[in-house]
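Student: Structure for the following, please:
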Amino acid sequence: MVPVAPARRARARLIASLGLALLCRPAAAQPAPSRPSSKSPEAVAGRLADYQARYPQLCRLVRLGDSHQGRPVWALAIGRNLRDPDDRPAVSLNGAHHGGELLSVDVVLDAIELLLTASAPAGAADPALARRLGRFVDELVIWAVPMVNPDGVWAVLNDSKRSDRKNGRDNNGDGRIDSRDGVDLNRNYPYRWGSLGQKGSSSTGSSDYYRGPAAASEPEVQALLRLYDSEHPLASVSFHTGSVAILAPYTIAGATSPTPDEAWLVAERISAQLPRHPQDRPFVTRRNLYPVDGTDQDYLRHQLGTLALLVESARRPAASTSERLAIVRAVRRTWMLLFDRYLDGPTVSGRVLDAGGQPVSAQISIDEIKTHEGEQWFTRCRDGRFDRYLPRPGRYTVRAQVSGYPPLTQTVEVARGRARVELTLPERLPAATCPPAPGP
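Tutor: Residues are numbered from 1 along each chain as shown. The predicted model follows:
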């Protein structure tokens, strides 16, 4: 085994326990079908399967896990000529952490449609857009999860009396899901879970903001954690509705962001380039809308160093089809600008290898960027890869630390584009045991 730091071992134990918990859960009863709707879990699953059938060289459909009520949590991995596993940097887009935020499903499906149709051999009507999207598909693997909470979406579409935020957990174990049941999935992630007491989430099962009985207790969250631990996304966008804003981590009160804070700088740049929202609001960058804890973007930021944004896509449901389309078109620029910023730079990418050319799991830091929350950000286990946004052009020293060895460093000057770094240990190391790549 490659030597790893205690934090890395703790993370491996957490992920292993989550996988075991999912395997040991009793099989759920066959979930009830939704009423006919283009947003139903069945309809969205069918649409993703159709994409895979139509564009086999551009995407792969992956079942990340299952909900409490047995509905699959599907992801579509998008990239030209995908390999298994793939060595390109990963990014992620997700929607519908909350069942009632159906417009967030539209936003992710729109991203999928754009990436596949503009990158297909027939191309797009707009050659410049086709080149831009084609670059994303060539150089990235985009993990798109349109519906994190299929049980919550089902409940909303079927006039359930349940909360429109929560999933299908039977909180009191009485065998039925009623208005007091369910967990707010975006209060269930492990980083500082429940740390704000009753202010950032709730320990009361009937609350709309119930955080669950334990951190990462929910199978939907566990499914996302396995994806993230395997792929180490360099960037993520979680789409929600209820306001018009871009939230940059850390969103939780009391957590100090790195300095300089590249996530905030990138979010501000994106906000400045977005059109005025169709619901008559400008996009603004904010830390949060109200106190929160246990969110996906804070987990990604703290655990992996991901530049994780939360985009509040609309103040209210669209009043018409034309308004819905206008909102989706305005919001799509968020993820496109985020991907452009990685590819255009300034960013740094690299690998850590041993003397035999095999990947090494190493803690990566940049001397000029200070962290304050005990963050330990590692290379991706299977290929030793790391990718980081940089706050601005300049000189940066990349530092790789492997337990038991002196640190490896390399200084690079970065103006535009991506600086490439390769750091090599002087010895061969035993092969690491890595988290499995997501599979069908």
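Student: what about this structure, any weak spots by pLDDT?
Tutor: For the chain, the stretches with pLDDT under 70 are 1-29, 36, 121-125, 439-440.
Student: What are the structural domain limits within this structure?
Tutor: Domain assignment for the chain, taken from automatic domain parsing, gives 31-344, 347-424.
Student: Identify, out of these, the most deeply packed stretch.
Tutor: Among the domains of the chain, domain 31-344 has the highest mean neighbour count (mean count of other CB atoms under 10 Å), at a mean of 20. The C-beta positions use only the backbone N, C-alpha and C, and glycine is treated the same way.
Student: Any idea how far apart the tips of it sit?
Tutor: 45 Å (CA to CA, to the nearest Å).
Student: How far away from the center of its chain is that domain?
Tutor: 7 Å (CA atoms, centre = their mean, to the nearest Å).
Student: thinking again about what came up before, could I get the domains of the chain as a markdown table with distance to Pro438?
Tutor: Listed next are the domains of the chain as a markdown table, based on distance: least, CB to CB, whole Å:
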| stretch | distance to Pro438 |
| --- | --- |
| domain 31-344 | 5 |
| domain 347-424 | 12 |
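Student: Relative to Pro436, which of these is closest?
Tutor: domain 31-344 (6.6 Å; CB to CB).
Student: elements contacting the host helix or strand of Glu312?
Tutor: Assigned by DSSP states H and E, Glu312 belongs to strand 307-314. For strand 307-314, the helices and strands in contact under the criterion 3 or more CB pairs under 8 Å, 6 or more residues apart in numbering; DSSP states H and E are helix 103-119, strand 235-240, strand 243-247, helix 262-273, helix 296-304, helix 321-344.
Student: one more time with 6 Å
Tutor: Strand 307-314 is packed against helix 103-119, strand 235-240, strand 243-247, helix 296-304, helix 321-344, with contacts defined by 3 or more CB pairs under 6 Å, 6 or more residues apart in numbering; DSSP states H and E.
Student: The fourth one - contacts with which helices or strands?
Tutor: When you say that, I think you mean helix 296-304. Judged by 3+ CB pairs under 6 Å, 6+ apart, helix 296-304 is in contact with strand 235-240, strand 307-314.
Student: repeat that with 8 Å
Tutor: Against helix 296-304 (3+ CB pairs under 8 Å, 6+ apart) you get helix 219-231, strand 235-240, strand 307-314.
Student: could I get those as TSV with distance to Pro72?
Tutor: TSV is the format used below for those (distance: least, CB to CB, whole Å):
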stretch	distance to Pro72
helix 219-231	9
strand 235-240	19
strand 307-314	24
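Student: Figure out which of these is closest to Gly100.
Tutor: It is, among the helices and strands packed on helix 296-304 and with distance given as CB to CB, strand 235-240, at 10.3 Å.
Student: Kindly point out the strands partnered with that closest one and how each is oriented relative to it.
Tutor: strand 90-94 (parallel), strand 307-314 (parallel) (DSSP bridges).
Student: and these as JSON lines, adding distance to Glu139?
Tutor: JSON lines is the format used below for these (distance: least, CB to CB, whole Å):
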{"stretch": "strand 90-94", "distance to Glu139": "10"}
{"stretch": "strand 307-314", "distance to Glu139": "16"}
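Student: closest to Asp50 out of the helices and strands packed on strand 307-314?
Tutor: Here helix 103-119 is closest among those (CB to CB), at 10.4 Å.
Student: counting contacts, what elements does the closest one pack onto?
Tutor: By 3+ CB pairs under 8 Å, 6+ apart, helix 103-119 packs against helix 41-54, strand 72-78, strand 90-94, helix 127-139, strand 141-145, strand 235-240, strand 307-314, helix 321-344.
Student: residue contacts, Arg162?
Tutor: 152, 155, 177-179, 181-182 (CB atoms under 8 Å, 6 or more residues apart in numbering).
Student: again but with Arg324, I slipped
Tutor: Arg324 makes contact with 103, 106, 318 under the criterion CB under 8 Å, 6+ apart.
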